[in-house]
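Asks: After the sequence you'll find the predicted model.
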Amino acid sequence: MASTPNPPGRAAPNPFDPMMGQLEVLEPGLAMFHGFANVAFAYGRGEMLAADTSSRAMGARAIEAIRKVTDEPITVIVYTHGHGDHAFGTEAFITDALTRGYQRPKIWAHEELGARFKRYARTAKWQSHINRLQFGAASGAVAGIFQAESYHYPDLTFRGMQLLELAGEAVELHHARGETDDAAWVWLPLRRAALVGDLIVSSLPNTGNPNKVQRYTLEWAEALERIAARKPRHVLPGHGPAYRGEAECEELLLETARALRFIHDEVVARLNAGQWPIDIIEADIELPRELAEKPFLAPVYGCTAFVVHDVIRRYAGWWSGEPSQMFPAPRKDRAGDLLALCGREAVLERARKLRAEGHLQRALAIAELAINANPDDAEAIALNAEILEALAAAERSFIARNFFAGAARTLRDRIKPA
């Protein structure tokens with residue numbers, strides 16, 4: 001059923017959308033299912049297009065929701081990219097078609113998407129592990145997504161741009177590089193609607209994700225600028241609320257692009273000035289206030305520090321610039337040397353003092369020395385867990401918060417009962 005539109009100036013959304021499980025009809029023939037990842041639907045002329053299929057856990061719910069509005073056959077599925085929360089709900093869409101006696105939908109995607117699926121299959125256990133960490137308590141939403149039955153490869157692929165028809169209506173598919181190298185966005189000229197997948201996540205974009213492959217900060221900004229040039233009236237994102245009206249859509253697209261360009265250009269300028277990556281990371285680059293205050297740029301998914309890492313990784317390789325890190329001594333040896341110099345008790349006491357003063361990152365860096373030197377030190381393990389839990393409680397970035405909380409749980413599981 002159609003929901004009440006969100007008014008302009010709404011608060012920054014949580015990545016786990018409060019409208020999850022609901023279908024939002026933006027105008028006749030254009031709707032968005034709010035799932036763990038959203039599904040956009042264009043219909044009304046006898047056939048339907050779906051941009052993404054959400055996750056294995058949410059695909060059937062998306063179908064159930066759209067079927068309360070229309071019985072039109074879904075003839076075209078477009079993967080906006082190959083992430084599991086966007087492209088692994090397809091089985092439910094195929095089942096719906098076959099149950100209703102419709103032809104199986106044709107799946108379109110960028111030509112690089114198949115290589116992504118193959119990489120996921122090759123590294124399935126690693127993918128499952130890092131996604132459990134990233135999504136923390138909500139990991140059930142992506143549980144099991146890397147099993148063999150998750151993958152429905154595209155029937156048709158494109159490179160730069162592809163023209164389609166949906167019951168006589170023009171549809172454009174455009175390639176972009178942003179969160180992935182296989183990203184696509186859908187443009188519906190008659191409706192002036194952009195179905196953009198994770199090019200918009202209703203947060204500062206998620207480049208520099210700690211355990212994911214290279215992302216593309218500058219190209220992401222360029223893609224958003226190209227979309228803005230079309231003057232859309234509707235932007236349907238991969239996560240978060242739908243955006244309405246030419247002014248709101250233009251602000252969303254261009255200010256997000258401006259934020260990405262600011263961070264990119266700041267990092268590049270510092271590299272060109274001869275700064276090492278470690279110096280740039282420690283410079284603590286921040287967005288200008290007028291950008292940081294935008295609700296759709298809040299660091300609830302991506303964050304500035306992650307974007308900085310993305311740009312550095314893109315241009316500067318893996319070495320931090322510290323000579324000791326070219327061929328680093330093992331952590332156990334380095335920590336053991338420092339504890340021999342300072343004493344274990346002094347190290348733990350210093351970590352406790354820093355924690356009490358609110359210097360949580362410094363406290364963690366000190367406390368980690370003790371468990372690096374002795375992984376069975378129960379007192380040090382407990383102290384590290386306490387600091388990590390405090391970091392998680394204070395962290396705005398959804399991803400960082402879950403990594404901190406997951407690390408704390410792992411440490412507490414290591415403490416042997418007395």
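Replies: Sure, I can see it.
Asks: Make sure Val171 is actually in contact with Phe158.
Replies: No - with contacts defined as CB atoms under 8 Å, Val171 does not count as touching Phe158, sitting 11.7 Å away. Bear in mind the C-beta positions are built from the backbone N, C-alpha and C, glycine included.
Asks: who touches both of those two?
Replies: Common neighbours of Val171 and Phe158 (criterion: CB atoms under 8 Å, 6 or more residues apart in numbering): none identified.
Asks: Going along the chain, name the strands of the stretch 201-350 of the chain.
Replies: Using DSSP state E, counting those that start in this stretch, the strands of the stretch 201-350 of the chain run over 234-237, 243-244.
Asks: Strand partners (parallel or antiparallel) of the first one?
Replies: Translated: strand 234-237. strand 193-197 (parallel), strand 243-244 (antiparallel) (DSSP bridges).
Asks: Ala183: how many residues sit nearby?
Replies: 29 (other CB atoms under 10 Å).
Asks: how far away is Glu111 from Leu49?
Replies: Remark: distance between Glu111 and Leu49 (CB to CB, to the nearest Å) = 19 Å.
Asks: Same question for Thr123.
Replies: Taking CB to CB, one finds Thr123 at 31 Å from Leu49.
Asks: Ser202 too?
Replies: 22 Å.
Asks: and what of Glu250?
Replies: The spacing between Glu250 and Leu49, counted by CB to CB, is 24 Å.
Asks: So for the two, which sits in the more crowded spot?
Replies: Neighbours were counted for Glu250 and for Leu49 using other CB under 10 Å; Leu49 has more, 24 against 17.
Asks: The more buried one is in what secondary structure piece?
Replies: Following DSSP states H and E, the helix or strand that holds Leu49 is strand 48-51.
Asks: what ranges of this protein fall below the confidence cut-off?
Replies: 1-17, 137-144, 416-418 (pLDDT under 70).
Asks: Longest helix in it, please.
Replies: Ordering each helix of the chain by length in residues (DSSP state H) puts helix 246-272 first.
Asks: Can you list the helices and strands that that one packs against?
Replies: For helix 246-272, the helices and strands in contact under the criterion 3 or more CB pairs under 8 Å, 6 or more residues apart in numbering; DSSP states H and E are helix 217-229, strand 234-237, helix 277-282, helix 289-292, helix 304-316.
Asks: go again using 7 Å as the cut-off
Replies: helix 217-229, strand 234-237, helix 289-292, helix 304-316 (3 or more CB pairs under 7 Å, 6 or more residues apart in numbering; DSSP states H and E).
Asks: circling back to that earlier point, mean neighbour count for the strands paired with strand 234-237 - can I get that in TSV?
Replies: As requested, these are arranged in TSV below (neighbours: other CB atoms under 10 Å):
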stretch	mean neighbour count
strand 193-197	30
strand 243-244	22
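Asks: how about the ones you listed, which one is nearest Asp337?
Replies: For the strands paired with strand 234-237, distance to Asp337 was read as CB to CB. The smallest value, 48.8 Å, belongs to strand 193-197.
Asks: For Thr207, see how far away the nearest residue to Ser202 once chain neighbours are set aside is.
Replies: Taking CB to CB, 6 or more residues apart in numbering as the measure, Ser202 lies nearest to Gly240, with 2.5 Å between them; neighbours along the chain are not counted. As for Gly240, its distance to Thr207 is 17 Å (criterion: CB to CB).
Asks: And Val307, by the same measure?
Replies: Taken as CB to CB, the spacing of Val307 relative to Thr207 amounts to 5 Å.
Asks: Now the common contact residues for the two.
Replies: With contacts taken as CB atoms under 7 Å, 6 or more residues apart in numbering, Val307 and Thr207 have Thr217 as neighbours in common.
Asks: contacting residues for Leu195?
Replies: Residues near Leu195 by CB under 7 Å, 6+ apart: Ala40, Ala51, Trp185, Val186, Leu236.
Asks: Let's see that with 6 Å instead.
Replies: With contacts defined as CB atoms under 6 Å, 6 or more residues apart in numbering, the neighbours of Leu195 are Ala40, Ala51, Val186, Leu236.
Asks: Which members of the residues you listed define the maximum pairwise distance?
Replies: Based on CB to CB, the longest span within the contacts of Leu195 runs between Val186 and Leu236 and measures 8.8 Å.
Asks: More neighbours: which of those two?
Replies: Taking other CB under 10 Å, Val186 and Leu236 do not tie; Leu236 has more neighbours (30 against 25).
Asks: I'd say the more buried one and Met32 touch.
Replies: Yes - under the criterion of CB atoms under 6 Å, Leu236 lies in contact with Met32, with a separation of 4.9 Å.
Asks: Could you tell me which residues touch both of the two?
Replies: With CB under 6 Å, 6+ apart applied, the overlap between the contact sets of Leu236 and Met32 consists of Ala40, Ala242.
Asks: correct me, but the residue nearest to Ser202 touches Ile200?
Replies: No - the pair Gly240 and Ile200 does not pass the contact test of CB under 6 Å, sitting 7.5 Å apart.
Asks: all strands of the stretch 1-150 of the chain, in order?
Replies: Counting by DSSP E, counting those that start in this stretch, the strands of the stretch 1-150 of the chain are 23-27, 30-33, 39-42, 48-51, 74-78, 106-110.
Asks: Quick one: closest of those to Glu219.
Replies: Using CB to CB, the nearest of the strands of the stretch 1-150 of the chain to Glu219 is strand 106-110, at 13.2 Å.
Asks: Against which helices or strands is that closest one packed?
Replies: Using 3 or more CB pairs under 6 Å, 6 or more residues apart in numbering; DSSP states H and E as the contact definition, the elements that strand 106-110 packs against are strand 74-78.
Asks: So in this protein, which strand runs the longest?
Replies: The single longest strand within the chain, with elements called by DSSP state E, is strand 169-176.
Asks: contacting residues around that one?
Replies: Judged by CB under 6 Å, 6+ apart, the contacts made with strand 169-176 from elsewhere in the structure are 45, 110, 158, 160-162, 164, 183-185, 187, 189-190, 223.
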